[in-house]
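Predicted coordinates and the sequence they were generated for:
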Amino acid sequence: MSRSVLVTGGNRGIGLAIARAFAQAGDKVAYTYRSGEPPAELADLGCLAVRCDITDSEQVEQAYKEVEERHGPVEVLVANAGITKDQLLMRMSEEDFTSVVDTNLTGTFRVVKRANKAMLRARKGRVVLISSVVGLMGQAGQANYSASKSALVGLARSLARELGSRNITFNVVAPGFVDTDMTRELPEQTRKEFLSRVPLGRYAEVEEIAGVVRFLSSDEASYITGAVIPVDGGLGMGH
């Protein structure tokens, strides 16, 4: 059965792969993007592009209204939108810290809360939050990003306990180093240093992240909630 799926930050990288995977499986997919142009490949798959800055409550509300008018109430939410402003602690401004937390954590809270209205009425729903391996093990120069991503675990597990009786599941996917445009632009020496820490010795493909997200949103995963699934090639094991 085709479901109404919303992916935040679905215009590139991991988010684009997730949106594509759901669309190819026959779901009605909408995705948010903050700037630029929607990717043509998602348009070709019939995905609905919705411009939305998740730090703005009014834009979030308008985005949901647009999705609901076109696809019906959101049944599967993938909260993927996020930003980085990396800097060592002594150089990190308060704005660097609060803007990352407001997007990655508070922005996720906004989209989850809005989706929950319809899920409560339907007494079912799937929510997947995209965290990061650095949210579990930390990373120098990423105190703001790591804090925001680790907080998603507490958010998901609290909501899993709060809403499990309504058949709404909340799970977290924590990717490691992923082969995206951003990581391809890193200096070769930096890429080698990253890979030396990964037991499997390679970056993840975006499709590998998307596959786990789709599984957690499927009927086969109906008894999984409050879980944190690392997709990191073994980088964060033990965390």
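Sure thing, it's come through.

Could you list which residues are in contact with the most centrally placed residue in the chain?
In the chain, the centroid-proximal residue (C-alpha atoms, centre = their mean) is N80; its distance is 2.1 Å. Residues counted as contacts of N80 (C-beta atoms under 8 Å, 6 or more residues apart in numbering) are V7, T8, G9, G10, I14, G15, I18, I130. Heads up, the C-betas are built off the backbone N, CA and C, glycines and all.

which residue lies farthest from the center of the chain?
What lies farthest from the middle of the chain is M90; by C-alpha atoms, centre = their mean that is 28.8 Å.

and R12, how many neighbours?
Neighbour count for R12, taken as other C-beta atoms under 10 Å: 15.

Surely it is in contact with P38?
No - the pair R12 / P38 is not scored as a contact, 10.2 Å apart, by C-beta atoms under 8 Å.

In contact with S131, which residues are there?
Contacts for S131 (C-beta under 8 Å, 6+ apart) come out as K149, S150, L152, V153, V172, V173, A174, P175, V228.

Distance check, it against E185.
In this structure, S131 and E185 are 23 Å apart, going by C-beta to C-beta, to the nearest Å.

Please apply the same query to V112.
Distance, V112 to E185, by C-beta to C-beta: 31 Å.

which one of these two has more residues nearby?
Remark: of V112 and E185, V112 carries more neighbours, 21 against 9, as counted by other C-beta under 10 Å.

List the contacts of that one.
For V112, the contacting residues are L77, A79, V127, L129, L155, L159, by C-beta under 8 Å, 6+ apart.

One more pass at 10 Å, please.
T8, L77, A79, M119, G125, V127, L129, L152, L155, A156, L159, F170 (C-beta atoms under 10 Å, 6 or more residues apart in numbering).

Ok, V76 next?
Contacts for V76 (C-beta under 10 Å, 6+ apart) come out as 3-7, 22, 27-29, 115, 119, 125-128, 213-214, 216-218.

and if we set it to 7 Å?
R3, V5, R126, S217 (C-beta atoms under 7 Å, 6 or more residues apart in numbering).

Please flag which of these sit within strands.
Per DSSP state E, strands hold the following members of the contacts of V76: V5, R126.

quick one, helices of the protein?
13-24, 40-44, 57-71, 94-101, 107-122, 133-137, 143-163, 181-184, 188-195, 206-216 (DSSP state H).
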